[in-house]
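A.B. asks: My questions are about this predicted structure, shown below with the sequence.
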Amino acid sequence: MNLVKPIGPKIKWRKQKQIRNDVIATAKATGYTLQFWNSLMVGDHLTLISIMDDPEGYDIINAVYDTSNIEEWKEHRFNYRNLRLWSLTYEQELTTPLHIAAGRGFTECLRHLLQRGADVELSPGGTTALHEACESGHGECAKLLLSYGASANAVSEDGLMPLHACTSPESLECAKYLLQFGATVNGRSLEDDNTPLHVAAQHGLPGHTDLYLRYGAALERQNDEGNTPLNAACSQPQAKEDLARYLKVCQLLLAAGANVHKGDQDNQTPLHMASKNVNPDVVDLLLQHGASVNNMCYSGDAPMHNVLKAVAYKAAHQPERIVRSLLNHGSIRVWPGALPKVLKHCCTSPRTIEVLLNAYDRLKITDTWREAVPLDVFQKHQDFYDSLFSLAQAPRSLQHLARHKIRVFLEGRVHKVVPKLGLPTFLQNYLLLEFRDYVH
């Protein structure tokens, strides 16, 4: 007689019930998570509160999301197997609710998350929520995080402090709050060895520059490339609409005592860099502060070489103004035999050609000169090029020769002496190579 009762069917039934309960619990958790995520992405703080305060709600305040599968979320909203809440693989993009709220500027959402114990130091993707707020320029979010204990000197996976993440004009309020909460104004980035002042200079941020200087930022500290903040401001490629911002940054740095002669690891001075990036106002400012026009970098280029190389790409930046300023301060000229090559490269800027050629008392114009100017460029600026090529059969005018003689006599003092001579404005401008849109 078998006294043992069969238990197989009962165990199977219990397993099925447990699986069903697990599926229901997971589905419910997934539902909360998706609802929470959607509310977070649009800044719906009221829905967030209802989810976070629900005693049966899923604990997702400090959950880590993998946003690399965000498209899967959209396509399979109700398939919980596609929802990944955490991962240890480096390829994935990890974030938290706190990061999302801070990065999007949802102040109320951020406040409620912090009030319910969100961890301000979480950095699953390599940065803290404070980095996110600063990078996006959300000052109130940065202030909230700092008031809840976020470290103003937290270092990201890339070796950046929150001040290094303040790279836009909108992030000025973030920078102010960071400094008030003890951020190190001379903190160095791990990869480039930049200080916050370097970062402000590189991005043309006068408000940040002024702020950091008032907090004692180091003026002459060099980064890995040997750039001081002044070098950094001058070396950064600049769009035409950004030229004024970089000028203001340079004015602030020079007013604070920045060294105008300091070269980088290639011995390029701020004047080399401003000439290369074709910022005429910055070039004039540097010259006013005593920058040397004839210093050579290690590749053998002077500022004049740098600006002439950039004319073809930045004619709208008025490179002719830089060429004129450099010549008036005694810059070296182009070797006459190389003038046809310069003409070919710079022909789209007739005024650059004009001011450059007015530094010579004679020109040996040949067919090579004519061939250097494409037909479409010649037709667009025909009056100027007609005046230039007509000199092939004639000497320079007596008026020009007199100007040239005076300029040679004054050498690099033209910009200082001519304004003191009491000459009529027309003659003074003529001696200083004012543009006339023809040569004679």
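C.D. replies: Great, that's in hand.
A.B. asks: which stretches of the stretch 1-150 of the chain have low pLDDT?
C.D. replies: Residue ranges of the stretch 1-150 of the chain with pLDDT under 70: 1-63, 65-92.
A.B. asks: got the residue ranges for the helices in the stretch 201-350 of the chain?
C.D. replies: 206-214, 229-235, 243-255, 270-276, 280-288, 303-310, 319-328, 339-346, 350-357 (DSSP state H, counting those that start in this stretch).
A.B. asks: In TSV, list those helices along with mean pLDDT and mean neighbour count.
C.D. replies: The C-beta positions use only the backbone N, C-alpha and C, and glycine is treated the same way. Output for the helices of the stretch 201-350 of the chain, formatted as TSV (pLDDT from 0 to 100; neighbours: other Cβ atoms under 10 Å):
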stretch	mean pLDDT	mean neighbour count
helix 206-214	98	21
helix 229-235	97	29
helix 243-255	98	21
helix 270-276	98	29
helix 280-288	98	22
helix 303-310	97	23
helix 319-328	98	26
helix 339-346	96	19
helix 350-357	98	23
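A.B. asks: Using a markdown table, lay out these together with distance to residue 199.
C.D. replies: Shown next, in a markdown table, are the helices of the stretch 201-350 of the chain (distance: least, Cβ to Cβ, whole Å):
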| stretch | distance to residue 199 |
| --- | --- |
| helix 206-214 | 8 |
| helix 229-235 | 8 |
| helix 243-255 | 11 |
| helix 270-276 | 17 |
| helix 280-288 | 19 |
| helix 303-310 | 24 |
| helix 319-328 | 26 |
| helix 339-346 | 34 |
| helix 350-357 | 33 |
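A.B. asks: Minimum distance to residue 262: which of the ones you listed has it?
C.D. replies: Residue 262 lies closest, by Cβ to Cβ, to one member of the helices of the stretch 201-350 of the chain: helix 229-235, at 6.5 Å.
A.B. asks: if we can go back for a sec, and the helices of the stretch 201-350 of the chain: which comes nearest residue 194?
C.D. replies: helix 229-235 (7.8 Å).
A.B. asks: How about residues contacting the closest one?
C.D. replies: 194-195, 197-198, 200-202, 204, 209, 217, 219, 221, 223, 227, 246, 249-250, 253-254, 258-260, 262-264, 268-271, 273-274, 276-277, 279, 282, 286 (Cβ atoms under 8 Å, 6 or more residues apart in numbering).
A.B. asks: try stretch 381-391
C.D. replies: By Cβ under 8 Å, 6+ apart, stretch 381-391 touches 350, 353-354, 357, 363, 365, 369-370, 373, 378, 437-440.
A.B. asks: can you do 7 Å?
C.D. replies: By Cβ atoms under 7 Å, 6 or more residues apart in numbering, the residues outside stretch 381-391 that reach it are 350, 363, 365, 369-370, 373, 378, 437-440.
A.B. asks: where's residue 216 relative to residue 185, distance?
C.D. replies: Distance of residue 216 to residue 185, computed by Cβ to Cβ, to the nearest Å: 6 Å.
A.B. asks: Between these two, which has more neighbouring residues?
C.D. replies: residue 185 (19 against 9; other Cβ atoms under 10 Å).
A.B. asks: tell me the contacts of that one?
C.D. replies: 179, 196, 212, 215-217.
A.B. asks: Hmm, residue 109 is touching residue 101, no?
C.D. replies: Yes. Counting by Cβ atoms under 7 Å, residue 109 touches residue 101, with 4.2 Å between them.
A.B. asks: Counting neighbours, go ahead and name the busier of these two.
C.D. replies: Set side by side, residue 109 and residue 101 show more neighbours around residue 101, with 31 against 27, by other Cβ under 10 Å.
A.B. asks: The more buried one: helix or strand, and which one exactly?
C.D. replies: Using DSSP states H and E, the element containing residue 101 is helix 97-104.
A.B. asks: ok, then the element right after the helix or strand harbouring residue 108?
C.D. replies: Assigned by DSSP H and E, residue 108 belongs to helix 107-115. Downstream of helix 107-115, the next assigned helix or strand under DSSP H and E is helix 129-136.
A.B. asks: Kindly format the C-alpha coordinates of that next one as CSV.
C.D. replies: Provided in CSV are the C-alpha atoms of helix 129-136 (Å, rounded to 0.1, in the frame of the first residue of the first chain):
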residue,chain,number,x,y,z
ALA,A,129,22.8,65.8,-11.7
LEU,A,130,24.6,69.0,-10.8
HIS,A,131,26.8,68.6,-13.9
GLU,A,132,23.6,68.2,-16.0
ALA,A,133,22.0,71.3,-14.6
CYS,A,134,25.2,73.4,-15.2
GLU,A,135,25.7,72.0,-18.7
SER,A,136,22.1,73.0,-19.6
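A.B. asks: what's the angle between it and helix 97-104?
C.D. replies: Orientation check (axes from the mean of the first three to the mean of the last three Cα atoms, to 10 degrees): helix 129-136 against helix 97-104 gives 20 degrees.
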